[in-house]
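**Student:** could you look at this predicted model? Sequence included:
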Amino acid sequence: MKMLERHGVEVVFGHPGGAIMPVYDALYDSSVKHVLVRHEQAGAHMADAYYRASGKVGVCFATSGPGATNLVTGLATAHMDSSAVVAITGNVATGLIGTDAFQEADVYGITSAVTKHNYLVKDVADLPRVITEAFHIAATGRPGPVLVDVPKDVQLADYDGPLEAEVDLPGYRPTYVGNARQIERAAEAILGAKRPVMIVGGGGQAAPDEVVAFAEHTGIPVITTLMGIGAYPPGRDNALGMPGMHGTVTANRAITHCDLILGAGLRFDDRVTGKISRFAPNATVVHIDIDPAEISKLVKAHVPVVGDLRDVLPRLRALLPRLDVAPWREQLAGWKAKYPERYKTDKPLVSQEVLEMLRRAAGECIVTTEVGQHQMFAARLFPTTKPRSFITSGGLGTMGFGLPAAIGAAFARPGEPVVCVAGDGSVQMNVQELATLAKHRLPVVIAILNNGMLGMVRQWQELFHAQRYSEVYLADSNPDFAKLAAAYGIEGHNVFDREHAARVIPEALAKGEPVLLNFLVYEAEKVWPMVPAGAGVDEMIIGDQEPDAFETHAEREEVPA
Amino acid sequence: MNVSRHVLSVTVRDQPGVLLRIAGLFARRGYNIESLSVAQTERPGLSRTTFVVTGEDTTVEQVTKQLQKLIDVLTVVDHSNSAYVGRELMLIKVAVRTPDDRVEIRQIAQDFRARIVDVAREALTFEVTGDEGKLGAFINQMRPFGIVELVRTGMVALERTEQERGRAKAA
């Protein structure tokens, strides 16, 4: 615990158990705040969201065996989205390891695939170095989760040596400073382009000022991925929104028609690229990333630059004038004007209008989401204007992330309002955390967009499985969410119509404490546009986003020669 | 798509679980290992693992980068980019059915500079060192007599020292 205090840890999310009791005993006298979760997975998500919201390493505790295995989904989520988490788990005493002891699991083996690095500490003398390295590895280079597994006897061992320790990691040297020649080549490529576009990913969350300065200086149009939301303010003229499977028409068309992509801190995930061979067929790709393994992993980079955006973007900017791309920007503005966010309101309440009401009422806030249709709607209609504020499970797509993430984010940025956008399916995957939320009276509004369905699965079944709705119906057995909230001592409202929604949303946001709003929304709403799995982004189905004919379906676009 | 064979030398820290990490990396990213050998090096605390992998060049480039990301991995050298010496050790037990066979087997073994390490009435066991081609040829020669058992270490490799630099160091 002393070491954690030294590392500036203010809050830990965890759950005690037999094999981690010595740590909890030390915690009793510590200045570190502990948040008692109701499931270890939620603790990992809270630590993850704590990092995403603050840039400070999130810490979680769990006991051996089931406690530690419950962390796995949380660690995998953090790993996929490059989030700095240090997880400390108890284990059975060293003499019992390998004997199938009570609550023993090979946590080191299990978590090696879902962490940036992990440790099993067998000697208390190693602990200062291991903890120091764990924080160092988690937060530097491409961030990621690190797990430290500490057997019970090691926790109990007397230790009066120094708590300071040197990091000894000869095999770990992240590259921060971009190669000067590569940056020159990137500048040359950008200068030669007539239709350039910048795509900012999760890496942009750590370098928002540099992204904004670069985009303002050069005038380059900017696409932000799901992970990049908030790294560039969505309202600007040259902001094109999100690309990919449920991206905007403008962003996907920009990718298809551009002659240069400047990728900044992203990994070209398949939900972004669609079919790789149809992705940006005419573009020179300049790819800046801190992780060399991401360069040319999926999309071939013609000009790779390995480094930190905070170093590379300012240096690249210094080599560039304002770009002469007026015709291209006009073309993009034309698409933006033709394809604004659009949805039908000739039916019961729809998710999109609820999100727009929330956005208008909330102003600047932190948004967390669960995973599904509501997540895509939120990315499009409720993007945050500030960095580190749109917190969602992008890579792993973990249902059950949003509610604990809201709690973690609320601890990271005390006083700021948090809106957790949830579906009725995914909110139930960690719904026990209503207890944690109730205890700490955090300013979190949970907005359940309740269509009584696993909506995204339903959408795929409607479009690609001949409307065979297999196991997606929830409405017959969903709880009464308002009553569920009340059972935890949280104010809850079931909201059936527009007028009620318009009234209750500002009230809930003004409360400054937890409120659950359960919006009963139209069950068959779909997220448009959509790039079918395996198709190119140029083959998107525009659906309801089509301006002239709402009845038009399945418009296929031609790739330009 | 350019599929070829690559010999990778990976220097790792002797940490518990380092092989688990490497094996896990190959398994979960779907890379195939043809052979793998691990042993300590001249530097205390460091081991050298040698992998032989076959794949598209882009895949092998990914393997290399992913290996480099592991915290306990210090260096990754792809020997296909330079001249190297690669050797493998094989122990092979060959059936001996007639006295004539015995003479012939021993003669072939001598040509291959294979050492006899165990002699029995029905079998001879040889130790053979060499590159893959040599080991393959030896196996082919022995097959008609009957191979009872064989075991190979997998390749180990070292980069060749450039002549100029070698002399400078020696001087």
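**Tutor:** Thanks, I have the structure now.

**Student:** residue of chain A with the smallest distance to chain B?
**Tutor:** As assessed by C-beta to the nearest C-beta, chain B sits closest to A:A293 within chain A, at 3.7 Å. The way it works is simple: take the backbone N, C-alpha and C, and place the C-beta from them, glycine included.

**Student:** excluding chain neighbours, what is closest to that residue?
**Tutor:** With C-beta to C-beta, 6 or more residues apart in numbering or on different chains as the criterion, A:A293 has its nearest non-adjacent residue at 3.7 Å, and that residue is B:K65.

**Student:** just how off-centre is the helix or strand encompassing that neighbour within its chain?
**Tutor:** Per DSSP states H and E, B:K65 falls inside helix B:57-69. Centre-to-centre, helix B:57-69 and its host chain are 20 Å apart (C-alpha atoms, centre = their mean, to the nearest Å).

**Student:** buried residues in it, which are they?
**Tutor:** Within helix B:57-69, the residues scored as buried using 16 or more other C-beta atoms under 10 Å in any protein chain shown are B:59-67, B:69.

**Student:** the inter-axis angle of the helix or strand following that helix versus helix B:57-69?
**Tutor:** On the C-terminal side of helix B:57-69, the closest following helix or strand by DSSP H and E is strand B:73-78. Here strand B:73-78 points in a direction 160 degrees away from that of helix B:57-69 (axes from the mean of the first three to the mean of the last three C-alpha atoms, to 10 degrees).

**Student:** so who does the residue nearest to A:G536 when sequence neighbours are not counted touch?
**Tutor:** Take A:G536 and drop its neighbours on the chain: the residue closest to it by C-beta to C-beta, 6+ apart is A:R278, 2.6 Å away. A:R278 makes contact with A:256, A:535-539, A:559, according to C-beta atoms under 8 Å, 6 or more residues apart in numbering or on different chains.

**Student:** how does chain B divide into domains?
**Tutor:** What automatic domain parsing lists as the domains of chain B is B:3-82, B:85-157.

**Student:** how long is the last one end to end?
**Tutor:** The first and last residues of domain B:85-157 sit 5 Å apart, counting by C-alpha to C-alpha, to the nearest Å.

**Student:** where exactly do the strands run in chain B?
**Tutor:** Secondary structure of chain B, counting by DSSP state E: strands at B:3-13, B:35-40, B:46-56, B:73-78, B:84-95, B:115-119, B:123-130, B:147-152, B:156-159.

**Student:** and the residue of chain B found nearest chain A, what does it touch?
**Tutor:** Relative to chain A, the nearest point of chain B is B:K65 (3.7 Å; C-beta to the nearest C-beta). B:K65 makes contacts with A:292-293, A:297, as judged by C-beta under 8 Å, 6+ apart.

**Student:** pLDDT for those - can I get that in JSON lines?
**Tutor:** Converted to JSON lines, the contacts of B:K65 look like this (pLDDT from 0 to 100):
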{"residue": "A:P292", "pLDDT": "96"}
{"residue": "A:A293", "pLDDT": "96"}
{"residue": "A:K297", "pLDDT": "95"}
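
**Student:** looking at those residues, which is nearest B:G30?
**Tutor:** Closest approach to B:G30 among the contacts of B:K65 (C-beta to C-beta): A:K297, at 13.3 Å.

**Student:** quick check: the gap between the closest one and B:K65.
**Tutor:** 8 Å (C-beta to C-beta, to the nearest Å).

**Student:** what about A:L240, which SS state?
**Tutor:** Secondary structure for A:L240, judged by DSSP: H, G, I helix; E, B strand; the rest coil, is strand.

**Student:** I'd say it and A:L332 touch.
**Tutor:** Yes - between A:L240 and A:L332 there is a contact under C-beta atoms under 8 Å: 6.4 Å.

**Student:** who in chain B is up against chain A?
**Tutor:** B:12-13, B:16-17, B:20-21, B:24, B:28, B:58, B:61-62, B:65-66, B:68-74 (C-beta under 8 Å from any C-beta of the partner chain).

**Student:** so where's chain B uncertain?
**Tutor:** Residue ranges of chain B with pLDDT under 70: B:1, B:163-171.

**Student:** 80 instead, please
**Tutor:** B:1, B:162-171 (pLDDT under 80).

**Student:** could you give the average pLDDT over the helix or strand encompassing A:F377?
**Tutor:** Using DSSP H and E, A:F377 maps to helix A:373-381. Averaging pLDDT along helix A:373-381 gives 97.

**Student:** each with direction, which strands does the next helix or strand after that helix pair with?
**Tutor:** Reading on from helix A:373-381 to the C-terminus, the next helix or strand found by DSSP H and E is strand A:390-391. The pairing partners recorded for strand A:390-391 under DSSP bridges are strand A:366-369 (parallel).

**Student:** ok, the nearest residue to A:K439 once chain neighbours are set aside - contacts?
**Tutor:** Distances taken as C-beta to C-beta, 6+ apart put A:L36 closest to A:K439, at 7.7 Å, once the chain neighbours are dropped. Contacts here follow C-beta under 8 Å, 6+ apart; on that basis A:L36 touches A:14-15, A:436, A:439.

**Student:** list phi and psi for A:L36.
**Tutor:** Dihedral pair for A:L36: phi -80, psi 110, per degrees, to the nearest 10.

**Student:** angle of the helix holding B:K65 against strand B:46-56?
**Tutor:** Using the same axes, to 10 degrees, helix B:57-69 lies at 160 degrees relative to strand B:46-56.

**Student:** quick one: helix B:57-69 to strand B:3-13, angle?
**Tutor:** 0 degrees.

**Student:** which of the three states applies to A:L516?
**Tutor:** strand.

**Student:** hmm, back to that, contacts for the helix holding A:F377?
**Tutor:** Taking C-beta under 8 Å, 6+ apart as the rule, helix A:373-381 contacts A:226, A:229, A:241-242, A:246, A:248, A:341, A:351-352, A:355-356, A:359, A:367, A:369, A:390, A:392, A:421-423, A:449, A:451, A:455-456, A:459, A:525-527.

**Student:** please indicate which of those residues are buried?
**Tutor:** Among the contacts of helix A:373-381, those classed as buried by 16+ other C-beta under 10 Å are A:226, A:229, A:241-242, A:246, A:248, A:351-352, A:355-356, A:359, A:367, A:369, A:390, A:392, A:421-423, A:449, A:451, A:455-456, A:459, A:525-527.

**Student:** out of the contacts of B:K65, which comes closest to A:A318?
**Tutor:** Checking these one by one against A:A318 (C-beta to C-beta), the nearest turns out to be A:P292, at 23.6 Å.

**Student:** the closest residue to that closest one other than its chain neighbours bridge partners, please.
**Tutor:** Nearest residue to A:P292, sequence neighbours excluded (C-beta to C-beta, 6+ apart): A:V306, at 4.8 Å. Beta-bridge pairing for A:V306 (DSSP bridges): A:D289.

**Student:** what sits against A:V306?
**Tutor:** A:175, A:178-179, A:182, A:288-292, A:295.

**Student:** so what's residue 96 up against?
**Tutor:** Went with chain A since none was named. A:E104.

**Student:** that was the other one, I meant chain B.
**Tutor:** So B:V96 contacts B:102, B:105, B:120-124, B:145 (C-beta under 8 Å, 6+ apart).

**Student:** any of those residues buried? List them.
**Tutor:** B:102, B:105, B:123-124, B:145.

**Student:** got TSV for those residues, with distance to A:P414 too?
**Tutor:** Listed next are these as TSV, based on distance: C-beta to C-beta, whole Å:
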residue	distance to A:P414
B:R102	86
B:I105	81
B:A123	77
B:L124	79
B:F145	80
